[in-house]
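Participant: sequence and predicted structure below; questions after.
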Amino acid sequence: MTISQTPFIFLLLLFAFFTPTHQNVSVSLSKTTLSKSGDSVLIQWSGVDSPSKLDWLGIYSPPSSHHDNFIGYKFLSSSPTWKSGSGSISLPLVNLRSNYSFRIFRWTEAEVDPNHLDQDHNPLPGTAHLLATSDDELTFESDRGPDQIHLSYTDADDEMRVMFLTSDAGERTVRYGPSDDSLDDAAVAHVERYEREHMCDSPANASIGWRDPGFIHGAVMTRLKKGLRYYYKVGSDNGGWSKTHSFVSRNGDSDETTAFMFGDMGTATPYATFSRTQDESISTVKWILRDIEALGDKPAFVSHIGDISYARGYSWLWDQFFSQIEPLASKLPYHVCIGNHEYDWPLQPWKPEWATMYGKDGGGECGVPYSLKFNMPGNSSEPTGTGAPATRNLYYSFDVGSVHFVYISTETNFVQGSKQIEFIKRDLEGVDRRKTPFVVVQGHRPMYTTSNERGDAPLREKMLEHLEPLFVKNNVTLALWGHVHRYERFCQLNNYSCGSVGPVHVVIGMAGQDWQPIWEPRPDHLTDPIYPQPERSLYRGGEFGYTRLVATKQKLTLSYVGNHDGKVHDTLEILASGQVLGVNGAGIKAVDSSSGGAGEPGVIGDSGESTFSWFVKGASLLVLGIFVGYVGGYVSYARKKAGTGNNWTPVKSEDM
């Protein structure tokens, strides 16, 4: 060996020493093709030397993604055999219109980066030491038909809109009819798409958050007969057809109204990712599916009042959300209004000097995915001031049975002189109370709440100034709000005072997200404020759940169902005369709103049985299994234990 060769050989040895060798580690898949979104693949590995609790599996789509741009991750320690150097993880995955690949990394305690954190301030795993990459890629069947099917009402009583997603812009159709073997009517779908440059900032327009959003199709089924079950499927002969779904059309002759209502649900993922996900959303969907079974052939709809997917710029979470709600939204119209996590960003055009609460909650999406992935009645929109499509689905209304429903936007201009307040004024003044004796207004940020009093105070003041007089003057029955991730029912309110004038306000943002302190102290959150309960707050619930609205021309009933047991924990009844009833242990009784007082959890007595007996009976018809693939315990446990001896606990914030 010559002296001149020595530096070269030394560099080769140095490169070999520091370059990860993973020829002894293998990653294999139980299958390379999935038939539909939500199907599972078993990922197996072997040959990991000296396994560590910080070894992790990265999930990538597309496979060409940089190491740091994973979709999600699972620690190998979630497999019971991980200490042997071998193991397996089963993952249900949604179709992202691109293949998946999987990589195993070693992450050491010395490499924990306190500046590289997820949304809960937990360290994200490092990618310096690649151990193995899956030899095969995972794909989806190309002719399985569209994904993410969801329904919504249009402005016409005899129509139903269906929307869905595909990987190309080819022509798609909805076929429909009164039985599953006679889908003789058809409508061609309109197609739209948004691009990376339409996102206003990172992570939505960066490599870490942007993924191909696919092509969004929408078609309208027309000339539907009243209150009839229709069957439908979407797709094409070339691209494949969905399975056949069904829904019950609106019946303008019926006085009955049924709706499932909540805010702030989000979605659950079978892996950890950059943004907090919402495991409780699984239970919300599960219990509503139970109630849908109990409905039989009665029409109903779902109302999700803001903070829809909590994607926050990580686009695959929108895919996860629509895959999760498809069992609901393919059966019932799924209606939404815009929340801060769909819209807010400093670059948005409307941010008055008092609007200190408008921040970076939208993750750089600036309302674009929300605006194109849904198509609500009406034609409300606001320009973005950029080349992006206008923000849509802001405010609209429709009638169902005996109730007139109004949706508003708390994120865009609603003060005097705005298009929105003019719409609200005209709409409320035009309600025919003989046809719809009850009026329900819904928006994201609450006009009244006894939690998070600081951040949204300026907005609440403007709502009280500009919106409450319209609500009181036009005898709005009920005002429903999200944003605060708990349930709270108030008395009839006008300028913070209980009385017989003004709507009953109810906060229903408890469907999945958990940034909000519960009403009682928690040993692991000693610094969280405990908000006092004033007399105007009649009931506060600390459990996740949703509400069921059932109305006739004589009475409207709103029930709060807890996810922990599927039972009713609070009930409000309002008569067409305007008299407000409530629950007090033994059953329904009249409530003197002027006296205030905190309500107690009640059990529906004889007077409430007739309204909900069909729910109770229907509950026994369907027993839903445990969502095995979506259990989040392993992720939570592993992330808390995966450091240098510290227990990382998710930090709750006021960013709702």
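Facilitator: Noted; the coordinates are in hand.

Participant: shouldn't I104 be in contact with W56?
Facilitator: Yes. Under the criterion of C-beta atoms under 8 Å, I104 makes contact with W56 at 7.2 Å. In this view, the C-beta of every residue, glycine as well, is placed from N, C-alpha and C.

Participant: tell me, what's touching those two both at once?
Facilitator: Contact criterion C-beta atoms under 8 Å, 6 or more residues apart in numbering; residues shared by I104 and W56: L76.

Participant: residues contacting H67?
Facilitator: So, once contact is read as C-beta under 8 Å, 6+ apart, H67 ends up touching 58, 103, 105, 127, 130.

Participant: filter those residues down to the buried ones and hand me the PyMOL line.
Facilitator: Per 16 or more other C-beta atoms under 10 Å, the buried members of the contacts of H67 correspond to this PyMOL selection:
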select buried, resi 58+103+105+127+130
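
Participant: and of the contacts of H67, the nearest to H116?
Facilitator: Nearest to H116 among the contacts of H67 is T127, at 10.2 Å by C-beta to C-beta.

Participant: wait, that closest one sits on G58?
Facilitator: Yes. Taking contacts as C-beta under 8 Å, T127 lies within contact range of G58: 7.4 Å.

Participant: got any residues that touch both of the two?
Facilitator: Both T127 and G58 are contacted by 67, 105, under the criterion C-beta under 8 Å, 6+ apart.

Participant: how far away is the residue nearest to D168 when sequence neighbours are not counted from G85?
Facilitator: Leaving aside its chain neighbours, D168 sits nearest to F215 (6.2 Å; criterion: C-beta to C-beta, 6 or more residues apart in numbering). With distances taken as C-beta to C-beta, to the nearest Å, F215 is found 44 Å from G85.

Participant: next: G385.
Facilitator: Distance, G385 to G85, by C-beta to C-beta: 55 Å.

Participant: could you list the low-pLDDT ranges of the stretch 351-500 of the chain?
Facilitator: Under the criterion of pLDDT under 70, the regions of the stretch 351-500 of the chain flagged as low confidence span 452-453.

Participant: what are the ranges of the helices in the stretch 501-650 of the chain?
Facilitator: Along the stretch 501-650 of the chain, the stretches classed as helices by DSSP state H, counting those that start in this stretch are 606-619, 633-641.

Participant: one step back: name the nearest of the contacts of H67 relative to S418.
Facilitator: Nearest to S418 out of the contacts of H67 is G58 (C-beta to C-beta; 46.5 Å).

Participant: wait, the closest one sits on N69?
Facilitator: No. In terms of C-beta under 8 Å, G58 does not count as a neighbour of N69; the distance is 9.6 Å.

Participant: related to what we said a few turns ago, so which of the contacts of H67 are in strands?
Facilitator: Those of the contacts of H67 mapping onto strands are 58, 103, 105, 130, per DSSP state E.

Participant: where does pLDDT dip in this protein?
Facilitator: Under the criterion of pLDDT under 70, the regions of the chain flagged as low confidence span 1-23, 452-453, 516-518, 521-522, 525, 582-656.

Participant: N393: which of the contacts of H67 is nearest?
Facilitator: The shortest distance between N393 and any of these, using C-beta to C-beta, involves G58 and amounts to 35.1 Å.

Participant: who's that closest one bridged to?
Facilitator: For G58, the beta-bridge partners are Y73, R103 (DSSP bridges).

Participant: and it, how far is that from T133?
Facilitator: With C-beta to C-beta as the criterion, G58 and T133 are 9 Å apart.

Participant: between the two, which contacts overlap?
Facilitator: Common contacts of G58 and T133, defined by C-beta under 8 Å, 6+ apart, comprise 102-104.

Participant: with respect to K360, which of these is nearest?
Facilitator: Each of the shared contacts of G58 and T133 was scored against K360 by C-beta to C-beta, and R103 proved nearest at 30.1 Å.

Participant: list the contacts for that closest one?
Facilitator: Taking C-beta under 8 Å, 6+ apart as the contact definition, R103 lies against 27, 57-58, 60, 67, 130, 132-134.

Participant: what about Q324, which helix or strand?
Facilitator: In this assignment (DSSP states H and E), Q324 forms part of helix 316-329.

Participant: spatially nearest residue to the residue nearest to the spatial centre of the chain, not counting backbone neighbours?
Facilitator: Ranked by distance to the mean C-alpha position of the chain (C-alpha atoms, centre = their mean), the top residue is G266 at 2.8 Å. Of all residues not flanking G266 in the chain, Q278 sits nearest, at 3.3 Å (C-beta to C-beta, 6+ apart).

Participant: correct me if wrong: that neighbour contacts F262.
Facilitator: No. Because the distance of 11.7 Å does not satisfy C-beta under 8 Å, Q278 is recorded as not touching F262.

Participant: this structure: helices as residue ranges?
Facilitator: Assigned helices in the chain, in chain order: 6-18, 280-295, 316-329, 340-343, 368-373, 419-429, 457-466, 468-473, 606-619, 633-641 (criterion: DSSP state H).

Participant: count of residues packed around D279?
Facilitator: For D279, the number of neighbouring residues by other C-beta atoms under 10 Å comes to 20.

Participant: tell me the spacing between it and T267.
Facilitator: 10 Å.

Participant: and for the two, which residues touch both?
Facilitator: Contacts common to D279 and T267, judged by C-beta under 8 Å, 6+ apart, are G512.
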